Each structure stands twice: as structure tokens, then as C-alpha cells.
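> Test case, fold it:
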Amino acid sequence: MNNLTIVIPVLEDPKVIKDFIIGNEKILTENRVIVVNRKGGEELKPFSTKWISRESTFWDARREGLDLVETEYTLCLDSDTILPEGYIEEALTILQLRRFVAVVAIDYEDLQGHLAFGTSIWRTVILKDLYDWSKNKDNSPKGCECVHMWSKVRRSKFKVETLSNIRAKHLKIEGGNKT
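Got it, this is the predicted structure:
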């Protein structure tokens with residue numbers, strides 16, 4: 001087991017969770033996993049090092065999971081994503097060799113115009129320091145969490161590293177809508 005914790009906030013259809021587990025089983029069994037289950041993630045309980053089940057916003061669930069991380073590195077992983085083989089190892093190597101890099105991110109097979117936050121591996125201390133994503137007073141999100149976090153890194157003394165040669169798979173629900 002390496003010095004990585006995976007934080008997974010969950011609000012998913014059970015079929016998506018089954019596909020998520022099948023696609024990520026190796027990384028789920030080889031790493032510490034914190035699951036903040038808002039709904040639908042019960043099948044992840046056997047993989048979790050820490051399990052929290054409660055109603056909350058997506059961002060509050062992510063923050064609650066991040067607060068529990070005690071390892072040097074954190075993988076923010078959305079529960080509708082399958083990571084490509086080798087991503088974790090390559091990202092951790094970059095973080096270990098390049099002290100100025102705060103985060104290593106990849107995009108999805110179907111490009112979304114910006115890097116995904118839910119497929120990113122961070123230096124935990126930097127992530128905890130920078131993560132301030134929240135909602136507006138009317139409970140609507142303040143824009144895009146991904147773009148917000150990359151902007152925070154850009155304004156810091158650290159850098160975002162990208163791996164453009166590999167892509168994560170974004171699971172889809174019936175009708176072709178992304179979860």
C-alpha cells in the first residue's frame with residue numbers, strides 16, 4: 001500500500017457503482033479509500049478504509065472525506081469514473097520527483113474542455129490548503145469546481161501537471177447522459 005488515499009463522494013445509480021467497482025477494483029483494493037456515501041454507494045463499503053454515510057452536498061461530502069486523509073497524496077475520484085491503468089503510478093512518480101507540482105490530472109476520453117478534478121492526484125497538504133469550493137447562498141454551485149481549483153493552483157507557487165497520453169472513462173447512464 002502506497003502513501004495515497006482515494007476520496008470518493010457518492011450519489012449514484014447502483015449500476016454505475018457496479019461498473020465503477022469493476023473498472024477500478026485493483027486501485028480500490030490496493031489503496032486506502034474514504035467513501036462519503038450520499039446515496040447508492042453501499043457496494044463500496046467493503047473497499048472502504050473509512051465509511052461515512054450521510055446526506056450532504058457533493059462538495060461538503062468531498063470536503064468531509066478530504067478532512068480525514070492522513071497520507072501524503074490524495075486521489076480525488078468521482079464515482080462515475082474509471083481510471084486508466086498506470087495513471088496512479090505515473091502521477092505519484094511525478095509528484096515525488098517534481099516538488100513544485102501540486103497535482104497531476106488527466107481528462108476523460110470524451111474531452112470536456114478542461115481537466116477533471118475528479119481524476120486528480122494531489123499533494124494532500126496543498127489540496128487541504130487550497131480546497132475552498134462551496135455553494136452560493138441559494139445552494140447553487142459557484143461555477144465549475146475543476147476550473148476553480150486549477151485557478152487556485154495557478155495563483156499559488158505550485159503547478160498542475162497533466163498526462164495527455166492517457167484518459168479516464170466517464171461512465172454514462174441510459175440515454176447517453178453523463179452522471
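> quick one, what contacts Phe20?
Glu12, Leu44, Ser79, Asp80, Thr81, Ile82, Leu171 (Cβ atoms under 8 Å, 6 or more residues apart in numbering). Where you see a C-beta, it was placed from the backbone N, CA and C, and this is true even at glycine.
> Going C-terminal from the worst-scoring helix or strand of the chain on mean pLDDT, what's the next secondary structure element?
Lowest on mean pLDDT, DSSP states H and E among the helices and strands of the chain sits helix 145-155, with a mean of 85. Note on helix 145-155: by DSSP states H and E, the next helix or strand toward the C-terminus is strand 159-162.
> And the residue nearest to Gly86 when sequence neighbours are not counted, how far from Ala105?
Among residues not flanking Gly86 along the chain, Ile166 sits closest, at 6.9 Å (Cβ to Cβ, 6 or more residues apart in numbering). Note on Ile166: its distance to Ala105, by Cβ to Cβ, to the nearest Å, is 11 Å.
> Can you identify each of the helices in the protein by residue range?
Secondary structure of the chain (DSSP state H): helices located at 14-30, 58-67, 87-97, 124-130, 145-155.
> Which of these sits closest to Val7?
Comparing those by their distance to Val7 (Cβ to Cβ), the top pick is helix 58-67, with 3.8 Å.
> Show me what that closest one is packed against.
The contact analysis (3 or more Cβ pairs under 8 Å, 6 or more residues apart in numbering; DSSP states H and E) places helix 58-67 against strand 4-11, strand 32-39, strand 50-53, strand 73-77, helix 124-130.
> Output those as a markdown table; include the columns mean neighbour count, distance to His114 and mean pLDDT.
Compiled in a markdown table, the helices and strands packed on helix 58-67 are given as follows (neighbours: other Cβ atoms under 10 Å; distance: least, Cβ to Cβ, whole Å; pLDDT from 0 to 100):
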| stretch | mean neighbour count | distance to His114 | mean pLDDT |
| --- | --- | --- | --- |
| strand 4-11 | 25 | 19 | 92 |
| strand 32-39 | 22 | 24 | 90 |
| strand 50-53 | 15 | 28 | 92 |
| strand 73-77 | 25 | 15 | 96 |
| helix 124-130 | 17 | 17 | 92 |
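> Out of those, which gets nearest to Gln96?
strand 73-77 (9.1 Å).
> Thank you, goodbye.
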